[in-house]
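Asks: okay, structure incoming, though there's no sequence with it:
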């Protein structure tokens with residue numbers, strides 16, 4: 001059984017729903033989860049907000065908040081998760097903001113290639129993951145982030161049982 005299959009199984013077992021707010025992952029989390037048969041019981045949907053403008057327009061994040069913190073930051077990952085919870089009304093929301101390359105991002109306070117923040121809101125608890133892995137390709141950075149988030153959510157679910 002893959003980790004994604006295990007996640008869908010655990011969410012179903014606990015009668016929980018999940019949604020995603022994705023930037024640099026471009027919908028990969030949603031795709032990976034919905035590749036699993038039965039995912040429609042637990043995955044309510046996702047919002048891809050690749051640009052700052054869409055983070056503002058679709059989620060209502062204040063432009064000044066992004067300017068103050070940098071779009072690639074723990075603070076923005078948390079805000080994405082909180083706004084996602086409002087929009088998607090799920091038990092769990094996972095958010096992704098980062099720089100998958102190929103260059104340093106001057107728009108986000110100079111975040112390094114491979115610098116990513118993953119926010120996870122589970123009911124009223126917020127968790128975040130940070131990773132910096134500049135040796136990986138864009139695809140590998142995105143795939144690693146999905147794997148990290150799924151593993152972390154599985155651990156949360158197992159501890160809450």
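Replies: Cool, got the structure. This structure is a prediction, so every number in the text was calculated from the model and none was measured. Numbering: from 1, shown residues only.
Asks: low pLDDT regions in this protein?
Replies: 104-110 (pLDDT under 70).
Asks: in it, which spans are strands?
Replies: Under the criterion DSSP state E, the chain contains strands at 18-22, 43-48, 92-98, 115-122, 125-132.
Asks: state which helix of this structure is the longest.
Replies: Taking DSSP state H as the criterion, the chain has its longest helix at helix 138-160.
Asks: out of the strands of the chain, deepest packed?
Replies: Each of those was scored by mean neighbour count; the highest is strand 92-98, a mean of 30, by mean count of other Cβ atoms under 10 Å. Using the backbone N, CA and C atoms, a C-beta is placed for each residue, glycine as well.
Asks: so which elements touch that one?
Replies: On a contact count with 3 or more Cβ pairs under 8 Å, 6 or more residues apart in numbering; DSSP states H and E, strand 92-98 meets strand 18-22, helix 74-88, strand 115-122, helix 138-160.
Asks: nearest residue to the middle of the protein?
Replies: When Cα atoms, centre = their mean is applied to the chain, the residue found nearest the centroid is residue 95 (2.5 Å).
Asks: what's the spacing between the closest residue to that one other than its chain neighbours and residue 4?
Replies: Leaving out its chain neighbours, the residue that sits closest to residue 95 by Cβ to Cβ, 6 or more residues apart in numbering is residue 80, at 3.6 Å. Going from residue 80 to residue 4 by Cβ to Cβ, to the nearest Å gives 21 Å.
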